[in-house]
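1. quick one: sequence and predicted model below, then my questions.
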Amino acid sequence: MPTKQRTYKIKSYVNASHAVRWATGSGKKHTHTWEIVCELHTVDAMVAFYDIEKNLHQALDELSGKFLNDLPEFKTVNPTVENVTEYLFTKIDKTLRDNGAQLLRIEVSDSPTRAYCISVTE
């Protein structure tokens, strides 16, 4: 019989702007409503969503309303959807682990038609 894995899924939104850097210069500064979907596993069978969401939003609030290119994390790293996802995965996973949960998958969209995803594999 297959083993069941129980997870929580939390969807959040952040408004932030960026300008992608190219070899020939930077693109135009523009704003996105970034959609962040996190799937996580908790140590306990049940968890208070409020606590998990509070921890999650602490990580996301650092980006809210910001021009990503100005943040120290993106001074040398191009603020593409891929790199933003990598940054958020690392930041959110650490925050969740400190609070009894583990990030299994993150999906970050900068438009309604595409997303970049990172999943933990065993």
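-> Done, it's in.

2. average pLDDT for the helix of greatest length in the chain, rounded please.
-> Taking DSSP state H as the criterion, the chain has its longest helix at helix 81-97. Computed over helix 81-97, the mean pLDDT rounds to 93.

3. distance between the next helix-or-strand element following that helix and the chain's centre?
-> Tracing the chain past helix 81-97, the next element assigned as helix or strand by DSSP states H and E is strand 101-111. From the chain centre to the centre of strand 101-111 is a distance of 5 Å (C-alpha atoms, centre = their mean, to the nearest Å).

4. contact partners for the most centrally placed residue in the chain?
-> Centroid-nearest residue in the chain, with C-alpha atoms, centre = their mean: residue 88, separated by 3.7 Å. The contact partners of residue 88, by C-beta atoms under 8 Å, 6 or more residues apart in numbering, come to 36, 59-60, 106, 108. The way it works is simple: take the backbone N, C-alpha and C, and place the C-beta from them, glycine included.

5. same question for residue 60.
-> 12, 14, 36, 88, 92.

6. can we see that at 6 Å?
-> Residue 60 is in contact with 12, 14, counting by C-beta atoms under 6 Å, 6 or more residues apart in numbering.

7. next one: the one 10 residues further on
-> Taking C-beta under 6 Å, 6+ apart as the criterion, residue 70 is in contact with no other residue.

8. mind checking pLDDT for it?
-> Residue 70 is assigned 97 on the pLDDT scale.

9. likewise for residue 3?
-> As summarised for this prediction, residue 3 has a pLDDT of 74.

10. kindly report the same for residue 47.
-> With respect to pLDDT, residue 47 scores 65.

11. repeat for the one 10 residues further on
-> The model reports residue 57 with a pLDDT of 87.

12. tell me how many other residues crowd it.
-> Per other C-beta atoms under 10 Å, the neighbour tally for residue 57 reads 15.
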